[in-house]
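Enquirer: Show me the folded form of this:
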Amino acid sequence: MSDAPEIDQKQKEAYFTASQRQLIWARFRRNRTAMVAGVVLVILILMGLFAPFLSPYDPTIAGRDKEYTNGAPQIPRFCDEQGCSMRPFIYGVKRERSMATNFRWVTTVDREDRRYVHFFVRGDSYMLFGVIQSDLHLFGVDRGKIHLFGTDDAGKDIFSRTLHAVYTSLAVGTMGVMISFFMALAIGGVAGYFGGVIDGVIQMITDAIRTVPAIPLFMAMAAFVPDTWSAETRFFFISIILGLIGWPTLARRVRTHLLVERNQDYVLAAQLSGAGPGHVIRRHLLPSFTSYIIVDLVISFPYMVLSETALSFIGLGLKDPVNSLGVLLQNTTSADVLLNYQWYFIPVIFFIVLVMAFVFVGDGLRDAADPYGDQK
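Expert: Down below sits the predicted model:
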């Protein structure tokens, strides 16, 4: 019993001597929802980064499986009426014309044709991280092809397209956030540090950008972007546009913080020692609220992903053969898909999970960014 007060005292000392980063992490860990969302987010990011390895086929090649267009998901199993197997397997398919469908092609499952799943198989060549060339894939089948999420009307594997779409949407969001981040730091830092007329002019520009309606802007972008642009050019253009219109909110927060901090003693000491405005902002003012900037970045990430998805969904953003969540969502707009090909909606689930994971992680970091908020 005598050790309890000593342990409590050590815990209090550790709390009050901990760095800001340690305090934020300790409080974030107590938020179970944010921790679960963080794990899910890490898994999705890893799935996107290793999409070429995890997916069995190149998702950009149309007609990959001509014998299985608009095919239903193939779920591996271990047992059927013929017995059980130690290795998972799927069934082969047969295409034939049916009188019941006015002699249209009909795909039927051949339950006599077992196709066994193998791991670490050779297949389509790819560049992992853009530098590592390989043709090794996580799984495949000994004959034919396997489609865990089914196929689309061009025979493309939806599972492969979904993983690559997650990577593309994250990449666009990352570039947009980085562009927005550096513009917000530079513009908000100058406005907050100098104040006065400079601050007034910058705030007028910031307010003007914030009031620009998104839909007319996107329509103007669609008219500007030529159809001859390559997928890579369109990718970078969309990222830049999202970054250029996403910086005002963070810039305002940076400006507000610097207006308060610029009169502190440590800033005056740096100025008296001969430090210039750029050095004071970069080395003294901005690091004083680094944690809050990181929180803002995480919170703004889902909005970048939503913007890219919305642009691609309405046909103003990325297009085939690029795979993004917005491009895949375009395939779900017809009534025929809703009635007959419900597996087209599987990428929608990934989109919702990705955005919600960012939202919960961002909320958790925002609550944890004030480590002393729960102390009385």
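Enquirer: How about residue 292: what's its closest non-neighbour residue?
Expert: Nearest residue to residue 292 in three dimensions, chain neighbours excluded: residue 369, at 5.5 Å (Cβ to Cβ, 6 or more residues apart in numbering). Just so you know, the C-beta spots here come from the backbone N, C-alpha and C atoms, and that holds for glycine as well.
Enquirer: Against residue 68, how distant is that neighbour?
Expert: Remark: distance between residue 369 and residue 68 (Cβ to Cβ, to the nearest Å) = 50 Å.
Enquirer: residues contacting the residue nearest to residue 292?
Expert: By Cβ atoms under 8 Å, 6 or more residues apart in numbering, residue 369 lies in contact with 24, 291-292, 295.
Enquirer: with those in mind, which one is nearest to residue 93?
Expert: residue 295 (49.8 Å; Cβ to Cβ).
Enquirer: That closest one belongs to a strand, doesn't it?
Expert: No - counting by DSSP: H, G, I helix; E, B strand; the rest coil, residue 295 is not found in a strand; it is helix.
Enquirer: so what's it up against?
Expert: 362, 365-366, 369.
Enquirer: can I get those in a markdown table with distance to residue 331 and pLDDT?
Expert: Output for the contacts of residue 295, formatted as a markdown table (distance: Cβ to Cβ, whole Å; pLDDT from 0 to 100):
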| residue | distance to residue 331 | pLDDT |
| --- | --- | --- |
| 362 | 29 | 83 |
| 365 | 34 | 81 |
| 366 | 35 | 78 |
| 369 | 39 | 71 |
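Enquirer: neighbour-wise, which of those residues leads?
Expert: Among the contacts of residue 295, the one with the most neighbours (other Cβ atoms under 10 Å) is residue 365, at 24 neighbours.
Enquirer: Secondary structure element holding that one?
Expert: Taking DSSP states H and E as the criterion, residue 365 maps to helix 346-368.
Enquirer: Which other helices and strands does whichever strand in the chain runs longest contact?
Expert: Secondary structure assigned by DSSP state E gives strand 104-128 as the longest strand of the chain. Applying 3 or more Cβ pairs under 8 Å, 6 or more residues apart in numbering; DSSP states H and E, one finds that strand 104-128 makes contact with helix 51-54, strand 83-98, strand 132-141.
Enquirer: Just the buried positions in stretch 319-333, please.
Expert: By 16 or more other Cβ atoms under 10 Å, the buried positions in stretch 319-333 come out as 319, 322-332.
Enquirer: Can you name the two of these that sit furthest apart?
Expert: For the buried residues of stretch 319-333, the maximum inter-member distance is 17.3 Å, found between 322 and 332 (Cβ to Cβ).
Enquirer: What ranges does the stretch 251-376 of the chain have for its strands?
Expert: For the stretch 251-376 of the chain, applying DSSP state E, counting those that start in this stretch gives no strands.
Enquirer: where are the low-confidence patches of it?
Expert: Scanning the stretch 251-376 of the chain for pLDDT under 70 picks out 314-317, 370-376.
Enquirer: Name all residues that make contact with residue 122.
Expert: By Cβ under 8 Å, 6+ apart, the contact set of residue 122 is 135-137.
Enquirer: who wins for neighbours among those residues?
Expert: Most neighbours among those, by other Cβ under 10 Å: residue 137, with 21 neighbours.
Enquirer: ok, for that one, nearest residue in space, not its chain neighbours?
Expert: In space, and not counting its chain neighbours, residue 137 is closest to residue 123: 4.7 Å by Cβ to Cβ, 6+ apart.
Enquirer: quick one on the thing from earlier: which of the contacts of residue 122 lies closest to residue 242?
Expert: Residue 242 has its nearest neighbour among the contacts of residue 122 in residue 137, at 32.0 Å by Cβ to Cβ.
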